[in-house]
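Peer 1: here is my input; please provide its structure:
(2 chains)
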Amino acid sequence: MISNREIVVENLVKRYANDVVAVDDVSFEVQAGQVFGFLGPNGAGKSTTIKILTTLALPTSGRARVGGYDVISEAQQVRRIAGVALQEIGIDPLMKAMELLTLQGQLFGASRKQAEARAHELLELVRLTDALDRRVGTYSGGMRRRLDLALGLVHEPEILFLDEPTTGLDPASRRDVWEEVRRLNRRLGMTIFLTTQYLEEADELADVVAIIDDGKIVSEGAPAKLKAAVGNESINLAFETMQMADKAIRELDGIGANIQSDRETVRVYMKQAAQAVPTVVNRLQQAGLDPISLTLTQPTLDDVFLQVTGQRLEPRESSTAPVA
Amino acid sequence: MTTHENVQTFTPVSEKKARLALQIWLVTRRSLVTILRTPEALLPPIAISIFFLVIYQSTLGRAAGFIPQIGGSYLGFILPLSIVSSSLSGAGIAAQNMVRDIERGYFNKLLLTPVSRGALLLGPILAGAVILGLQASIVVGVGLLMGLQPVTGLPGLLVVIGLAILLGTGFSGFTVSAALGSGSAAATQGASFIFFPMTFLAPTFVPLELLDGWLKTAARINPITYVLEAMRAMMNTGWDAALLSQAVLACLILAAAMYALAVYALRVRTRRS
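Peer 2: I've put the predicted structure just below:
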């Protein structure tokens, strides 16, 4: 099976019977070997997009090609080259890991022997070899997700779709998944399309991020580029006294785009903060000022999200904490 | 954009058929394995069928002399009803298997493979048919213990079990459609309640000739009628080619229609979800 490992989506629309538009005229391209992050809150249309791209649902209008194959008219070819791990884990708790993996392999056309060999390989990969003969119903959440991922890899896909692969995982398991994603991408050259509601995850993994909100792509680009576009980085200085901070403000006048102080701390905002650090340090030394700390802050994808959608992606703790 | 059609190798038709048969076998075996891992779901239908068999036989068995045209023992007349009702409740097994897969998300895993969509429908239906055969055999076995002496002997009993499987498989197509349409276990369960009245819109307790008016009309379009009559003939009066072929035909029409409905339901499901 040959594919060009690209994803091309043109004017994709999914309208449900109740007139809800889940995906609203979405277009994007994913290059071969890229990790593409689809970032957005719950209900933004991420899962629907994945279901359409993996042939589980039909679009209302628009076109999409996965690996060069049309998701509507060449669905069988798409299924052969695309691997999927959906957000809702799809495993039968009554079956054993070995049974599930072997069956999946056989349904992709492998012989029983080939399928069993591949199953052992994958169990090794997701570290479930010890549990291969246990019913999946007895697995922990992290184990289930790893098995689910293995099921999506049975046929050695060239393009992998991961729908919120770390939602509900503890930090350690989350890092495991990240490492696995990077490995599949780098070692096997797999193109990876990943949806997430975690800014950190998109930042960590994706070469290109598309921010989707309410069914529409509102911003797209490399994470660094998106963050740079949102505006200023800052150099943050902390001093022992407010007097020193005040003096620092006078000394540093004109260096950045804007200077703010809050008691003993001073923030100098500018485009490329790292490059200005030597100048700042020099001036402070000449004035005999010794800061306790000097840190750099870069805008986060959260700032990007705030700017393009007018709201924060991750609810602040203060707004979710119960009023006690 | 390059086209990849020419990359695919030509597959001879016979090989495709062999592959389809293998796929159906794989999916059916898997359904059977999971059904047998929840044996507690299989007992109630059988228990209820046997319960009613005993009740009918004990309460009505003596009065049977007053019902004309039974043409043999009352047990031979009423046992087919028990077999049919076990088939009907058994028809839910395939759908329960499928709705479990839908609720657990495993059905999506199967849909993501290039396996034939027909195989995905037939898997649980055929696994259900195996269970139906077992259930019908158990009910027949209980009948034999109660003193049943079928005039067509063992071959007749095998045909009776075959008819029960055929009828139940047709109804499985209906419950599977409900499973695909609703995706919910409760709704699927609800859909199979339609079988209950259907059992009684038939020559359930008296021969068809004794039914009157609208009930007779309803019974004539009910496939259960033809199955009951053919089974009763084999129990009490002997081989009847006309009745038997009517029953088989009724089951086949039902099965074909319900399979078409299931194919449609699957198509709607993949468009919508």
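Peer 1: could you give the number of residues near the residue in chain A that chain B sits nearest to?
Peer 2: Chain B sits closest to A:G90 of chain A, with a gap of 3.4 Å, by C-beta to the nearest C-beta. Placement of C-beta: from N, CA and C, glycine included. With neighbours defined by other C-beta atoms under 10 Å in any protein chain shown, the count for A:G90 comes to 24.
Peer 1: now do the same contact list for it.
Peer 2: A:D148, A:L151, B:R104, B:G105, B:Y106, B:F107, B:N108, B:K109 (C-beta atoms under 8 Å, 6 or more residues apart in numbering or on different chains).
Peer 1: could the residues you listed go into JSON lines alongside pLDDT, secondary structure and neighbour count?
Peer 2: Listed next are those as JSON lines, based on pLDDT from 0 to 100; DSSP: H, G, I helix; E, B strand; the rest coil; neighbours: other C-beta atoms under 10 Å in any protein chain shown:
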{"residue": "A:D148", "pLDDT": "92", "secondary structure": "helix", "neighbour count": "23"}
{"residue": "A:L151", "pLDDT": "94", "secondary structure": "helix", "neighbour count": "28"}
{"residue": "B:R104", "pLDDT": "92", "secondary structure": "helix", "neighbour count": "19"}
{"residue": "B:G105", "pLDDT": "91", "secondary structure": "coil", "neighbour count": "16"}
{"residue": "B:Y106", "pLDDT": "94", "secondary structure": "helix", "neighbour count": "23"}
{"residue": "B:F107", "pLDDT": "94", "secondary structure": "helix", "neighbour count": "24"}
{"residue": "B:N108", "pLDDT": "92", "secondary structure": "helix", "neighbour count": "19"}
{"residue": "B:K109", "pLDDT": "93", "secondary structure": "helix", "neighbour count": "25"}
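Peer 1: which bits of the stretch 101-250 of chain B sit near chain A?
Peer 2: Neighbours of chain A within the stretch 101-250 of chain B, by C-beta under 8 Å from any C-beta of the partner chain: B:101, B:104-115.
Peer 1: and which of those is nearest to A:L125?
Peer 2: Nearest to A:L125 among those: B:K109, at 17.9 Å, using C-beta to C-beta.
Peer 1: leaving out sequence neighbours, find the closest residue to that closest one.
Peer 2: In this structure, B:K109 finds its nearest non-sequential neighbour in A:G90, 4.2 Å apart by C-beta to C-beta, 6 or more residues apart in numbering or on different chains.
Peer 1: cool, A:T265 as well?
Peer 2: Leaving aside its sequence neighbours, A:T265 sits nearest to A:A238 (C-beta to C-beta, 6+ apart; 4.9 Å).
Peer 1: thinking the one you found is in contact with A:I292, fair?
Peer 2: Yes. Using C-beta atoms under 8 Å, A:A238 is in contact with A:I292, at 4.7 Å.
Peer 1: these two - which one has more neighbours?
Peer 2: Neighbours were counted for A:A238 and for A:I292 using other C-beta under 10 Å; A:A238 has more, 15 against 11.
Peer 1: so what's that one bridging to?
Peer 2: In this entry, A:A238 is beta-bridged to A:T265, A:S293, by DSSP bridges.
Peer 1: residue contacts, the residue positioned nearest the centre of chain A?
Peer 2: In chain A, the centroid-proximal residue (C-alpha atoms, centre = their mean) is A:A202; its distance is 3.1 Å. Applying C-beta under 8 Å, 6+ apart, we find A:A202 in contact with A:G37, A:L39, A:L194, A:T196, A:V209, A:P223, A:L301.
Peer 1: and it, how far from A:V208?
Peer 2: Distance of A:A202 to A:V208, computed by C-beta to C-beta, to the nearest Å: 10 Å.
Peer 1: anything in contact with each of those two?
Peer 2: Joint contacts of A:A202 and A:V208 (C-beta under 8 Å, 6+ apart) are A:G37.
Peer 1: hey, where'd the strands end up in chain A?
Peer 2: A:7-15, A:21-30, A:35-39, A:61-66, A:69-70, A:82-85, A:159-163, A:191-196, A:208-213, A:216-221, A:233-238, A:258-262, A:265-270, A:293-297 (DSSP state E).
Peer 1: any idea of the angle the longest one forms with strand A:191-196?
Peer 2: On the basis of axes from the mean of the first three to the mean of the last three C-alpha atoms, to 10 degrees, strand A:21-30 is oriented at 140 degrees to strand A:191-196.
Peer 1: sheet partners, orientation included, of strand A:21-30?
Peer 2: strand A:7-15 (antiparallel).
Peer 1: again with the shortest one
Peer 2: Strands flanking strand A:69-70 in the sheet, each with its direction: strand A:61-66 (antiparallel) (DSSP bridges).
Peer 1: got a list of contacts for the partner strand?
Peer 2: A:3, A:6-13, A:25-27, A:52-54, A:70-72, A:78, A:81-82, A:159, B:1.
Peer 1: in the stretch 51-200 of chain B, what residue comes closest to chain A?
Peer 2: Per C-beta to the nearest C-beta, B:G105 is where the stretch 51-200 of chain B lies closest to chain A, at 3.4 Å.
Peer 1: next, count neighbours for the closest residue to chain A within the stretch 151-273 of chain B.
Peer 2: For the stretch 151-273 of chain B, the nearest residue to chain A under the criterion C-beta to the nearest C-beta is B:R271, separated by 4.8 Å. Here the count is done by other C-beta under 10 Å, and B:R271 has 12 residues near it.
Peer 1: again with A:S61
Peer 2: Here the count is done by other C-beta under 10 Å, and A:S61 has 10 residues near it.
Peer 1: now A:G168
Peer 2: Using other C-beta under 10 Å, the number of residues around A:G168 comes to 12.
Peer 1: surely it meets A:R144?
Peer 2: No. Using C-beta under 8 Å, A:G168 makes no contact with A:R144, being 10.1 Å away.
Peer 1: chain B contacts on the stretch 151-300 of chain A?
Peer 2: In this structure, the stretch 151-300 of chain A approaches chain B at residues A:L151, A:G152, judged by C-beta under 8 Å from any C-beta.
Peer 1: pLDDT weak spots in the stretch 151-300 of chain A?
Peer 2: Where the stretch 151-300 of chain A drops to pLDDT under 70, the residues are A:230-231.
Peer 1: residue nearest the centroid of chain B?
Peer 2: Central residue of chain B (C-alpha atoms, centre = their mean): B:G168, 0.7 Å from the mean position.
Peer 1: for that one, pull up the helix or strand it's in.
Peer 2: helix B:153-182 (DSSP states H and E).
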